[in-house]
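> Can you look at this prediction? I've put the sequence above it.
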Amino acid sequence: MTDSAPPASYATVAEKRASRVRWMLLAPALAVLLFAASGPLLITLVYSMLTPADYGGVIWEPTGDAWFNVFMQRDIFDDTLSWSSAHLSIFWRSVKLSLMTTVGCIIFGFPTAYFIATRPKQQRDMWMLLIIIPFWTNILIRTFAVVELIRNEGTINTLLMWTGLIDEPIQILFTEFSILVGMIYVYLPLMVLPLYASMERLDFSLVEAGYDLYATRMKVLRRIILPLVKPGVIAGSILVFVPSLGAYVTPRVMGGGNQLMIGNLIELQFGQGRNWPLGAALSITLLAIVMVALMAYVRTAGKEGPGHG
Amino acid sequence: MTAAAISARNLRKVYPGSPDVVALADASIDIQDNEFFTLLGPSGCGKTTLLRMIAGFEHPTSGTLTMHGEDLTNLPPYKRPVNTVFQSYALFPHLTVAQNIGFGLEMLGKPKDEIKKTVGEMMELVKMSQMADRQTGQISGGQQQRVALARALAPRPKVLLLDEPLSALDFKLRKDMQLELKRLQTETGITFIFVTHDQEEALTMSDRIAVMSAGTIRQIGGPRDIYDRPAERFVADFIGDTNFVPAQIAANTGNDAQVTLSSGKTVTAKMPEGAALTGKVTLAVRPEHASIGAEAAGLLPGRLSEIVYFGTDTHFHVALDDGTGFVVRSQNRPNETLPFSTGDRISVDFAPGVGQVLRD
């Protein structure tokens, strides 16, 4: 690539420079991915196949015990094998509550996003700000604020008893329902943001065209709006479902320690349980559940109707 | 006489956001069956508001709207036998051409065979049969226009509304579509209500035109009425080119009047319907209805200030002695030599009954 090179090679020089610039732009993200994501993940995977040390940490003796214990348990008296019902019920609760959270966020988030997207342009930012403001508050404080509302001596129960509708406080806190309420509250903005982004781009003359062509409100929603904002629904569902499945703070505070989700179970193994390999194996299991669920979801959601959503 | 296809009575629209602006000021209009009716006016004149009210997208602040005598005023758009061709076409991007055209029929709950048959006919009608399975993003603007038309025609509406559907097309395509629309209207026998700001489009296609400005209907009439007998200054100015000549009413005989021009000469002019005007008025004279001649011969003397050659015709710009300007347009003939040149003293002349007295 000297000055005497034929003109044709100028293109090659430019191409090489462009490729160098691309790599330089990529480098920071690659470094973060390598050291902060792949590295720890690899360590977790390795730890899940080692022996627990007495006071936390690991001993470098390979064993499959942790993985065995994720799914199975051995009876302490007669050594019979059975499925680990405690773990499986926590997995099931996690998946169930995460799905319900996602659906709940769609139910509450869709009308909200539609409302904001149909406001005059200069008002939309204000409404979006109102959605985002809770995000600036610490999640723990937000969760405790909900606790204050629904606990036995809290605002809702006090009000209901004062009006005479009930004689005794309703137990809302420390149930699966309270976890659900807390998670929907915490993750709702993550649904509203992508939904709003896709609705804002929606050409509302298409909605009018739908009405004009004899489609009722429900038909317009199902046949025109939903197919066109599907990318937003999918993105929002992923943004809500994934952190819900690994949620730790909300189930801890709202569930009171007896309604565990996977996140709490993992924390237990690294903390009081002092079984790092089991915690590591559970973490990998969580990751696997997320990936399987996402692949299944994207596949079915992407299939519906013609076009590429 | 049967009830009009669309009958509007004192339709008024004031948007809550801007209470000072009257988008539509007590518009009354009767549109007959099988009519190609055009709402013509500059942007913001209320023509689109009126169209959207007929479609059901806007609710009138006051007034009533009926179709063949039945009240439409509070009927939602999906219950009105009216379809719209949108300015942006508004084709559903997630559906194919055929699915777009069949959408209305499907929503009406028609059987599958019938939908398939009608969609086929409609694609035939707008010459889009080859494109049935294309996505709407893969076809050209002119083709999208045809699909939008077919989609709106497929449910066989009683009235078809067209909201400036040709404005996004290039000149040549627009000319073709003008003829095409007229053909479709004749073939289907559906009442067309067409909104445009293009006066030429309005004149070539319409059976009748309503000229609007500032939320008010200024004049309703056939293309010839509107062009030859504009009722007021706005209409004369908006449609075609017009010379405005100051005049004084000398004698009023109802349909006609004797008017005295600035030169002192008197000529017969037409009066607007139902107007009893006296004193100072304005006369509208189309450039092609006037001629130039020797200084003493005509009505208005002046100096020929400019000659502009346009191919089909020549424009003579005249600076009249009263200080106003006047343009005369005359058609060119082969091997013609112009009798006058720039700077000559000449006069403008027009026949009795050519000038139109305007309401202000």
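Now that the structure is in, tell me what you want to look at.
> Okay, helices next: where are they in chain A?
Residue ranges of the helices in chain A, as given by DSSP state H, are A:8-32, A:39-47, A:65-71, A:85-117, A:121-132, A:139-150, A:155-162, A:176-200, A:204-212, A:217-220, A:226-245, A:249-255, A:262-270, A:276-303.
> so of those, which one's packed in deepest?
helix A:249-255 (a mean of 24; mean count of other Cβ atoms under 10 Å in any protein chain shown). The C-beta positions use only the backbone N, C-alpha and C, and glycine is treated the same way.
> mind putting the helices of chain A in TSV, distance to chain B included?
Shown next, in TSV, are the helices of chain A (distance: least, Cβ to the nearest Cβ, whole Å):
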stretch	distance to chain B
helix A:8-32	30
helix A:39-47	38
helix A:65-71	43
helix A:85-117	17
helix A:121-132	11
helix A:139-150	36
helix A:155-162	36
helix A:176-200	13
helix A:204-212	4
helix A:217-220	6
helix A:226-245	5
helix A:249-255	36
helix A:262-270	37
helix A:276-303	13
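> Give me the pLDDT value at residue 142.
You didn't pick a chain, so chain A it is. pLDDT, residue A:142: 89.
> Switch to chain B, please.
For residue B:142, pLDDT reads 86.
> Check the one 4 residues further on too.
On pLDDT, residue B:146 comes in at 89.
> ok, and it, which helix or strand is that part of?
Using DSSP states H and E, residue B:146 maps to helix B:141-153.
> Just confirm yes or no for the helix or strand following that helix near chain A.
Of the helices and strands lying after helix B:141-153 in sequence (DSSP H and E), the nearest is strand B:159-163. No. If you take Cβ under 8 Å from any Cβ of the partner chain as the test, strand B:159-163 misses chain A, and the best it gets is 8.5 Å.
> So which elements touch strand B:159-163?
helix B:47-55, strand B:82-85, strand B:191-196 (3 or more Cβ pairs under 8 Å, 6 or more residues apart in numbering or on different chains; DSSP states H and E).
> hmm, the first one touching chain A?
So the one you mean is helix B:47-55. Yes. Residues of helix B:47-55 contacting chain A under Cβ under 8 Å from any Cβ: residue B:55.
> Could you figure out how far that helix is turned away from strand B:191-196?
150 degrees (axes from the mean of the first three to the mean of the last three Cα atoms, to 10 degrees).
> For the nearest residue to residue A:195 once chain neighbours are set aside, list the residues it contacts.
Once flanking residues are discounted, residue A:195 sits nearest to residue A:113: 3.8 Å by Cβ to Cβ, 6 or more residues apart in numbering or on different chains. The contact partners of residue A:113, by Cβ atoms under 8 Å, 6 or more residues apart in numbering or on different chains, come to A:191, A:192, A:195, A:196, A:199, A:232.
> Any figure for the gap between residue B:262 and residue B:299?
Per Cβ to Cβ, to the nearest Å, residue B:262 is found 10 Å from residue B:299.
> So which of those two has more stuff around it?
residue B:299 (21 against 17; other Cβ atoms under 10 Å in any protein chain shown).
> ok, now which ones touch that one?
Taking Cβ under 8 Å, 6+ apart as the test, what residue B:299 contacts is B:261, B:263, B:265, B:267, B:347, B:348, B:349, B:350.
> mind running it again at 6 Å?
B:261, B:265, B:267, B:349 (Cβ atoms under 6 Å, 6 or more residues apart in numbering or on different chains).
> Same list, those, but as TSV with neighbour count, distance to chain A and pLDDT please.
Formatted as TSV, those follow (neighbours: other Cβ atoms under 10 Å in any protein chain shown; distance: Cβ to the nearest Cβ, whole Å; pLDDT from 0 to 100):
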residue	neighbour count	distance to chain A	pLDDT
B:261	20	52	84
B:265	14	56	83
B:267	23	52	85
B:349	18	52	87
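> mind putting the residues you listed in JSON lines, secondary structure included?
Converted to JSON lines, those look like this (DSSP: H, G, I helix; E, B strand; the rest coil):
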{"residue": "B:261", "secondary structure": "strand"}
{"residue": "B:265", "secondary structure": "coil"}
{"residue": "B:267", "secondary structure": "strand"}
{"residue": "B:349", "secondary structure": "strand"}
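> Pull stretch A:183-194 out as PDB, backbone CA atoms only.
Taking C-alpha atoms only, stretch A:183-194 is exported to PDB below (Å, rounded to 0.1, in the frame of the first residue of the first chain):
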ATOM      1  CA  MET A 183     -43.900  -6.300  40.600                       C
ATOM      2  CA  ILE A 184     -46.500  -4.900  38.200                       C
ATOM      3  CA  TYR A 185     -45.900  -1.500  39.900                       C
ATOM      4  CA  VAL A 186     -42.200  -1.700  39.700                       C
ATOM      5  CA  TYR A 187     -41.900  -3.000  36.100                       C
ATOM      6  CA  LEU A 188     -44.800  -1.100  34.500                       C
ATOM      7  CA  PRO A 189     -42.600   1.700  33.100                       C
ATOM      8  CA  LEU A 190     -40.500  -0.900  31.300                       C
ATOM      9  CA  MET A 191     -43.700  -1.900  29.400                       C
ATOM     10  CA  VAL A 192     -45.000   1.600  28.800                       C
ATOM     11  CA  LEU A 193     -41.800   2.900  27.300                       C
ATOM     12  CA  PRO A 194     -41.400   0.500  24.300                       C
END
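> circling back to that earlier point, any idea which of the helices and strands packed on strand B:159-163 is most buried?
strand B:82-85 (a mean of 26).
> Residue numbers of the stretch 51-200 of chain B in contact with chain A?
B:57, B:77-78, B:83-84, B:86, B:88, B:90, B:94, B:103-104, B:107-108 (Cβ under 6 Å from any Cβ of the partner chain).
> let's see 7 Å
B:55, B:57, B:76-78, B:83-84, B:86, B:88, B:90, B:92, B:94, B:96, B:103-104, B:107-108, B:155 (Cβ under 7 Å from any Cβ of the partner chain).
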